[in-house]
Each structure stands twice: as C-alpha cells, then as structure tokens.
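Undergrad: Take this sequence and fold it.
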Amino acid sequence: MRKNSSISAKELALTSMMTAVVFLATFVPKIPIPLGYAHLGDAVIFLSVFFLPRRAALFAACVGSAFADFLGGFALWILPTLLIKLVMAELALRLSGRSLGRTLAAFLVASLWMAFGYTVFGALLYDGFAAALASTPGLLAEGILNSAVAILLLPILRRRLD
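TA: Coordinates of the predicted model:
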C-alpha cells in the first residue's frame, strides 16, 4: 500500500464536512433557470480547493453536487454533474495562484467550463441545443456570482484559518 493512499481521520472529517457544505449550498438556495437551478455550491467548491487537500476538494465537489441533484429530483444529471464538477474543481485547483487576479481568472475559467459542460449535456439529455442554450445565460450568471462570492470570502477565511 502506498503511503499517499491512506487517509487520516482529519482528512476524512474535513472531506465529509465540505461535502455536506457543498451539498447544502447547492441544494438549499435553488434559483430556477431553464433545465435546472442556480445555486451557491460552486463558491464552496472554489473555496475548498484552497483549504483542503486535492483529493478531498475533488471528492467534496463531485459528491456534494451530485447528492444535491439526486435529492433535488435531478437524478438524470448525476453522472454529468460528477464529470463537470471534477473538471471544474481541477481547473480551479491548477489555475489559481497567490494573486487575486489569477485566482479570479481561474474561477471564471472553471465557471465557463461548468456552463459549457451543462449546456452540452443539456443538449444531449434533452435532444437539442435550443433548450440547452436557454440555460446558458443562467449558468454564466451563476458562475460569475459564485466566483465573486468565493473571491470575497477567501481573504476572510484565510485570516480566520491561519
């Protein structure tokens, strides 16, 4: 067994907690848009890449979001959500940096991926781009809002957790 494959009790607890926070921020503030809903879960995902190990951040992003889809009546979206949120969190993780500008750019790129991914999967699931494109403005607005919320909360959380 490789040393990196084990998980500490602290990492397990943090992963579980952040998965629950992603779920709650995705599930509770549902703002209806065509083909689904907007939420604040992506802000939590963006923040988790700064405060959790990579494996924990990716798990929380995928599972917390997919669980919200499942309990929210959007089970059809579970597999697309797992893939979209995995790539989204990975982009935020790899592209963000120490500067505020680079971090904001990373969050916006990840949000563009999210909007693109949900638009493409919407077209596939609903057999056409017309319906999927109707959701794109809402998804883009969601991405901008979540990026802004994460950028505003990041310095506050850094001070509190340091």
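Undergrad: what helix or strand does the residue nearest to the spatial centre of the chain sit in?
TA: Nearest to the mean C-alpha position of the chain, by Cα atoms, centre = their mean, lies D42 at 3.6 Å. Element membership for D42 (DSSP states H and E) is helix 41-51.
Undergrad: Now do that helix: which elements does it pack against?
TA: In terms of contacts (3 or more Cβ pairs under 8 Å, 6 or more residues apart in numbering; DSSP states H and E), helix 41-51 is packed against helix 9-27, helix 54-71, helix 78-95, helix 100-125, helix 129-161. Where you see a C-beta, it was placed from the backbone N, CA and C, and this is true even at glycine.
Undergrad: Other residues contacting the first one?
TA: Looking back up the chat, that one is helix 9-27. With Cβ atoms under 8 Å, 6 or more residues apart in numbering as the test, helix 9-27 has contacts from 7, 39-41, 43-45, 48, 52-53, 55-57, 59-61, 63-65, 67-68, 71-72.
Undergrad: Buried only: go through the residues you listed for me.
TA: Among the contacts of helix 9-27, those classed as buried by 16 or more other Cβ atoms under 10 Å are 39-41, 43-45, 48, 52-53, 56-57, 59-61, 63-65, 67-68, 72.
Undergrad: tell me the angle of the helix holding D42 relative to helix 54-71?
TA: 160 degrees (axes from the mean of the first three to the mean of the last three Cα atoms, to 10 degrees).
Undergrad: which residues touch helix 41-51?
TA: 18, 21-23, 25-27, 56-57, 60-61, 64-65, 68, 85, 88-89, 92-93, 96, 107, 110-111, 114, 142-143, 145-147, 149-150, 153-154, 157-158, 161.
Undergrad: Sounds good, over and out.
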